[in-house]
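Student: predicted model follows, preceded by the sequence.
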Amino acid sequence: AMWTELNGCTGAAPVEWFPDIEDEGTRAWSETYDNCDAGAEVRLIGIDGGGHTWPGVQFPPDFGLSNLDISVNAEMIEFFSRRIATSAILFIPGMRPFVRPYSQFIDKPYAPGSQACNVG
């Protein structure tokens, strides 16, 4: 609800189910809000029956069931690639936002103290 409120989204979004490719006991779904201020879009992806895991990665059973029907990494890349052309805005709560060339974020691991994290 926070992102829909911040982006001025109105109305409800239909639930769309991803194809159930793997028989691991979970189902992935999404809700896409595209009736938001300034052309913004908010997308929620959920896992029905999943544990505390990262969709698309098999976790040890102690974490609960892992959904392997989708790669949440691929879903995030697809979502943001439609919105980011040549730069990215990084916002860390409590710090001012800053803009860096998008190329600095592609295929680079997060490292504390790296240029992408150093907002000074």
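Tutor: Done, it's in. Numbering: from 1, shown residues only.

Student: show me what the longest helix belonging to the chain is packed up against.
Tutor: For the chain, the helix with the greatest residue count under DSSP state H is helix 72-81. Packing contacts for helix 72-81, counted by 3 or more Cβ pairs under 8 Å, 6 or more residues apart in numbering; DSSP states H and E, involve strand 42-48. For the C-beta atoms, the positions are set from N, CA and C on the backbone; glycine is no exception.

Student: and the strand it packs on, what does it pack onto?
Tutor: Here strand 42-48 touches strand 27-33, helix 72-81, going by 3+ Cβ pairs under 8 Å, 6+ apart.

Student: now with 10 Å?
Tutor: With contacts taken as 3 or more Cβ pairs under 10 Å, 6 or more residues apart in numbering; DSSP states H and E, strand 42-48 sits against helix 2-6, strand 15-17, strand 27-33, helix 72-81.

Student: for Q58, find the nearest of those.
Tutor: Nearest of the helices and strands packed on strand 42-48 to Q58, taken as Cβ to Cβ: helix 72-81 at 13.3 Å.

Student: in the chain, which ranges drop under the pLDDT threshold?
Tutor: Scanning the chain with the threshold set as pLDDT under 70 gives 84-120.

Student: next, the buried residues of stretch 30-44.
Tutor: Neighbour counts over stretch 30-44 (16 or more other Cβ atoms under 10 Å) mark 30, 33, 35-36, 40, 42 as buried.

Student: repeat that for stretch 5-14.
Tutor: Neighbour-count burial for stretch 5-14 flags 7, 9, 13 (criterion: 16+ other Cβ under 10 Å).

Student: okay then, goodbye and thanks.
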